[in-house]
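A.B. asks: Sequence isn't available, so here's the structure alone:
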């Protein structure tokens, strides 16, 4: 790590030691102001709180603070500017190195080798935090800039200047001292979980209805769990035999959650599987798309691998707990630190969505539209969206023709952004900074952390081109990318790069994704379609709110049972999924025996590979509803999107007040859906 030690030599050059003793032949140092006395006292405490024996003696600590503390004004401005410059470069270049190391694991570039896995698990920045403390750069920051509490940020943040906010985020970068080995363990667990999920595909042509012998799904359809399974289920509302397919997908999902799925059917195109009876048989030679049939069919279930991976995640997170004493659990870090939304407030907002009288009224409308009693999988009812008018095959044909390669989508980004309301010049600017990659998994947006590097849009592109599912994900990820460019290139301080938390970038991506059909040239929304979209938005939030509560409850259970086995975690997750379903959903879906005890809330892959990520989605929907309501009154979308996304990483309510005038809440979602429900009766 030679570069880091060079930085330790370079950084103090800009630091004027205003509090140090003057040289004998120099004039006496000016006395510190009251402001600087208070700053110095705070800096001494902050440094002491993270100082360890290996850093030196108490005298060494006091000497460092005396030498490195600088006065308010030009000296402090110089230190601030140098930190802002260097941290952008460190974070940015380390991210680029990680991206290169993970390339063959994350992208669809052929089989993943053992070397690829090792490289994907390696984190070149694992020692960065250790090094910055070892060479005392971190202590220089702590001596000069304030560590703030969540309570202070929530109560006083609206009165802070932009510089004050940037200083708070600068100090926050050094508020934790997690050993490199501990951080590396977490990164390795995350990489292993990501790979497990990325390769969890179901070959749909090989699903058999044992009673009839039918194969409802076309040859070559390879769906990753859970994203593609869910999206295929949604798409099947638009086709004649959709109910048959939906029941089969729901059965697959249940098998995955309860781990009764035969291991041999995962990512295997040589065996047939009846998910209702769980019987596995060899595929006829004429039906095999790829691979060689096994010599013997092993019907053994997946051996709780899903929950072993989750326990590995938990163990890696628990190892971090002692080093974050103010947020000593994954839940505390996720809500108080990362989201800056207290867990109790999050749960209250989800309960408000889930217990709204809108839910049973909307369920009755869905039941009327379907002409049948609701099934648990109708949690993903998609008939309100404009895409429901178009069969999936029609959409697939259109997107495959338009986007045969990742480069084809890249070339079309300027047109897509103009269609979303950005000026041609801005559309060209954003497009020039987006790299499009073929994803091994469902897709994601990988940000950049320094100006000069570009964010990556990743989506799945099958052999015949990008199908509609891949396109829909690409539009969503493009929303992330544009936000990432705004919040890096257009923000006034790169220390404020980003948005308050993941829910905000999800919300901004939802704004793009909601217009995917319009961007295909299949019609602009009218008043009726806007009302239908509002109903869809509420129903999606209603769905994911319960999923997020399951994710949260499972993490609480793991902390309460730290020695649990994978089998015990499986049983607990199954019970939590049932209990949450029976509390919030069974009454809305009719309360009959057929809709009780569903496990579908436990299917999301994020539970396994994303470390308590799912709460960001429902909060993202609430934020998206607020943004959409504001855009309808203040558009155009492009200009307002840029204004909002370039405000930076302040607290959620402060960001939202700047964006829409109101703090984060379900109110916009609920009032928009209420208005829509009065207008839509068929």
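C.D. replies: It's in. Everything numeric in this text was worked out from a predicted model, so none of it was measured.
A.B. asks: in terms of contact count, name the helices or strands touching the helix or strand containing residue 639.
C.D. replies: Following DSSP states H and E, one finds residue 639 within helix 637-645. On a contact count with 3 or more CB pairs under 8 Å, 6 or more residues apart in numbering; DSSP states H and E, helix 637-645 meets helix 424-432, helix 468-489, helix 502-513, helix 616-634, helix 652-660. Just so you know, the C-beta spots here come from the backbone N, C-alpha and C atoms, and that holds for glycine as well.
A.B. asks: next one: the longest helix anywhere in the chain to chain centre, how far?
C.D. replies: Across the chain, the longest stretch assigned as helix under DSSP state H is helix 527-560. Offset of helix 527-560 from its chain centre (CA atoms, centre = their mean, to the nearest Å): 14 Å.
A.B. asks: just stretch 206-218 next, same as before
C.D. replies: 35 Å.
A.B. asks: Now it: buried residues?
C.D. replies: 206-209, 216-217 (16 or more other CB atoms under 10 Å).
A.B. asks: what do you get for stretch 319-337?
C.D. replies: Applying 16+ other CB under 10 Å to stretch 319-337 flags 319-321, 324, 327, 329-337 as buried.
A.B. asks: wait, which of the residues you listed is closest to residue 558?
C.D. replies: residue 330 (8.5 Å; CB to CB).
A.B. asks: what are the ranges of the strands in this protein?
C.D. replies: Secondary structure of the chain (DSSP state E): strands located at 201-203, 222-224, 271-274, 279-282, 435-438, 443-446, 456-459.
A.B. asks: Other residues contacting the last one?
C.D. replies: Going back to what we said before, that points to strand 456-459. Contacts with strand 456-459, where a contact means CB atoms under 8 Å, 6 or more residues apart in numbering, come from 99, 106-107, 406, 409, 434-439, 441-446, 466, 470-471, 473-474, 477-478, 480-481.
A.B. asks: ok, how many other residues are close to the closest residue to residue 383 other than its chain neighbours?
C.D. replies: Nearest residue to residue 383, sequence neighbours excluded (CB to CB, 6 or more residues apart in numbering): residue 237, at 5.0 Å. Residues near residue 237, counting by other CB atoms under 10 Å, number 21.
A.B. asks: Who are the contact partners of residue 237?
C.D. replies: With CB under 8 Å, 6+ apart, residue 237 has these contacts: 246, 381-383, 388.
A.B. asks: so where's the stretch 251-400 of the chain shaky on pLDDT?
C.D. replies: For the stretch 251-400 of the chain, residues meeting the criterion pLDDT under 70 lie at 386-388.
A.B. asks: Return the residues in contact with residue 314.
C.D. replies: 330, 555, 558, 562.
A.B. asks: Would you mind measuring from it to residue 266?
C.D. replies: Distance of residue 314 to residue 266, given as CB to CB, to the nearest Å: 23 Å.
A.B. asks: swap in residue 404?
C.D. replies: Distance from residue 404 to residue 266, by CB to CB: 29 Å.
A.B. asks: Can you give the domain ranges for this protein?
C.D. replies: Here the domain assignment for the chain is 2-175, 199-303, based on automatic domain parsing.
A.B. asks: and among the ones you listed, the most buried is which?
C.D. replies: Stretch with highest mean neighbour count among those: domain 199-303 (a mean of 18; mean count of other CB atoms under 10 Å).
A.B. asks: So what would you say the end-to-end distance of that one is?
C.D. replies: Terminal residues of domain 199-303 lie 16 Å apart, using CA to CA, to the nearest Å.
A.B. asks: and if you look at stretch 106-125?
C.D. replies: Start-to-end, stretch 106-125 (CA to CA) is 19 Å.
A.B. asks: what comes into contact with that stretch?
C.D. replies: So stretch 106-125 is contacted by 94-95, 97-98, 101-105, 183-184, 187-188, 191-192, 194-195, 198-199, 437-441, 446, 458, 460-461 (CB under 8 Å, 6+ apart).
A.B. asks: out of the domains of the chain, which comes closest to residue 662?
C.D. replies: Between those, domain 2-175 lies closest to residue 662; by CB to CB that is 13.4 Å.
A.B. asks: returning to that earlier point: and the contacts of residue 237 as JSON lines, adding distance to residue 35?
C.D. replies: Listed next are the contacts of residue 237 as JSON lines, based on distance: CB to CB, whole Å:
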{"residue": "246", "distance to residue 35": "65"}
{"residue": "381", "distance to residue 35": "59"}
{"residue": "382", "distance to residue 35": "58"}
{"residue": "383", "distance to residue 35": "62"}
{"residue": "388", "distance to residue 35": "61"}
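A.B. asks: Tell me the one among these nearest to residue 454.
C.D. replies: residue 382 (33.0 Å).
A.B. asks: So residue 433 sits against residue 485, correct?
C.D. replies: Yes. Counting by CB atoms under 8 Å, residue 485 is a contact partner of residue 433 at 5.1 Å.
A.B. asks: before we move on, back to that, would you mind measuring from the residue nearest to residue 383 to residue 534?
C.D. replies: Relative to residue 534, and taking CB to CB, residue 237 is found at 18 Å.
A.B. asks: Next one, pLDDT for the nearest residue to residue 645 once chain neighbours are set aside please.
C.D. replies: Excluding the flanking residues, the one nearest residue 645 by CB to CB, 6+ apart is residue 486, at 3.6 Å. On the pLDDT scale, residue 486 is placed at 96.
A.B. asks: quick one, what contacts residue 486?
C.D. replies: Contacts of residue 486 by CB under 8 Å, 6+ apart are 641-642, 645-646.
A.B. asks: for residue 479, what are its contacts?
C.D. replies: Contacts of residue 479 by CB under 8 Å, 6+ apart are 508-513.
A.B. asks: again, 7 Å this time
C.D. replies: 508-509, 511-513 (CB atoms under 7 Å, 6 or more residues apart in numbering).
A.B. asks: so how far is residue 329 from the residue nearest to residue 343 when sequence neighbours are not counted?
C.D. replies: Excluding the flanking residues, the one nearest residue 343 by CB to CB, 6+ apart is residue 335, at 4.2 Å. According to CB to CB, residue 335 and residue 329 sit 10 Å apart.
A.B. asks: and what of residue 291?
C.D. replies: 44 Å.
A.B. asks: Residue 461 too?
C.D. replies: Residue 461 is 39 Å from residue 329, by CB to CB.
A.B. asks: Can you list the residue ranges for helices in the stretch 251-400 of the chain?
C.D. replies: 305-320, 330-332, 343-354, 358-370, 392-402 (DSSP state H, counting those that start in this stretch).
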